[in-house]
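# Below is the structure, and that's it, no one-letter string:
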């Protein structure tokens, strides 16, 4: 297991709009690297669902949206076990955030600070018990 770590970058700018009023924008980026997750290494590769193999896979009447999608069967590489979960340091995460702030400095016994943040977080394993949707295509990083 590799040690997980994160990379963080922040960039901010502030501009004075008047004597007592300023506005600022701050962008934040955080990236998690070598995060732990589990992967079921006992699954057979998925089959692409079509009308010919649907009943064999266990989908008696497939919807049109299901045709052409990957489906896992009940077969296992080692039939004596169901899931064999391997802990690995292959997951990652990223966060992008933009904070907009307006600040009115204390004047005439009145002060105002208003902020709004819009952000997006993406990860491929939030905790130890999550596995990739398809362990056969999970991105494997080394380094």
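Yep, it's here. Note that the coordinates shown come from a computational prediction; the quantities given were computed from them, not determined experimentally.
# measure residue 18 to residue 114 for me?
Using CB to CB, to the nearest Å, one gets 16 Å for the distance from residue 18 to residue 114. C-beta here means a position set from N, CA and C on the backbone, and glycine is covered the same way.
# Spell out for me which residue occupies the centre of this structure.
residue 123 (1.7 Å; CA atoms, centre = their mean).
# Residue 78 and residue 84 touch, don't they?
Yes: between residue 78 and residue 84 there is a contact under CB atoms under 8 Å: 6.8 Å.
# Just to be sure, residue 56 is in a helix?
Yes: residue state for residue 56 (DSSP: H, G, I helix; E, B strand; the rest coil) corresponds to a helix.
# quick one: the top strand by length along the chain to chain centroid distance?
When the chain is scanned for its longest strand (criterion: DSSP state E), the result is strand 85-107. Taking CA atoms, centre = their mean, to the nearest Å, one finds the center of strand 85-107 at 13 Å from the center of the full chain.
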